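J.: show me how the following folds:
(one chain, ligands or ions: 1)
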Amino acid sequence: MPSGNVHNLINTGAFLVIAGSTAYARQQGLVSPSWPEILAFTGSFFIGTFMMSPDLDLAEQNVNSKKAWGPLGFIWVPYGKMFSHRGLSHTWIVGPLTRLGYLTLLLAALYYLVVLLMPEMKSKITFENVPKTLEFWQPYILGYYLSQWLHLIADGISPDMRALGRTFKKKKR
Ligand SMILES: [Zn+2]
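T.: Take a look at the predicted model:
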């Protein structure tokens, strides 16, 4: 299985190929991504690569994607303890969602803690301006999932639903 550094190299290389072909396709008039879309894709691709990698299932040890969080790296330790290495965390659809869901739960907990300690903050933190269209989020989803799938391909894991079944069974035992 490739090390964290090798994964980062593979993903960065793949990104350059994608960027090159997109630039070419754009020149040919085949695609016309806007700059906000390009930035959204690039940002979530690299956050996915360096900070949200499937190998966070080893966060009880010192893995690259945990180190990328600096002093906040410890927040992934429970995630690492919860998920067995190359189990559910390394599946194609649910795997990337487990990390997003975990992070969302932590942020929600933080939000409620802040509101509990400082009730006056409640009116200051609003979610009204968060875009709610799929169109807006598409480049983010694409960038994040692509970064995760490249990792799984490099690990030699195929998008196989039977593998998902095995993962669940293993967890129950
Ligand atoms: Zn892996």
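J.: and the gap between the residue in the chain sticking out farthest from the centre and Trp35?
T.: Residue farthest from the centre of the chain, counting by CA atoms, centre = their mean, is Glu120 at 32.5 Å. Distance of Glu120 to Trp35, computed by CB to CB, to the nearest Å: 37 Å. In this view, the C-beta of every residue, glycine as well, is placed from N, C-alpha and C.
J.: let me know whether the helix or strand harbouring Ala23 sits next to the ion.
T.: If you go by DSSP states H and E, Ala23 is part of helix 4-27. No - using CB under 5 Å from the ion, helix 4-27 never reaches the ion; the gap is at least 7.0 Å.
J.: same for that helix, what does it pack against?
T.: On a contact count with 3 or more CB pairs under 8 Å, 6 or more residues apart in numbering; DSSP states H and E, helix 4-27 meets helix 35-50, helix 64-67, helix 134-154.
J.: return the most buried member of those helices.
T.: Ranked by mean neighbour count under mean count of other CB atoms under 10 Å, the helices and strands packed on helix 4-27 are led by helix 64-67, which reaches a mean of 20.
J.: pull the distance from that helix to the chain's centre.
T.: 13 Å (CA atoms, centre = their mean, to the nearest Å).
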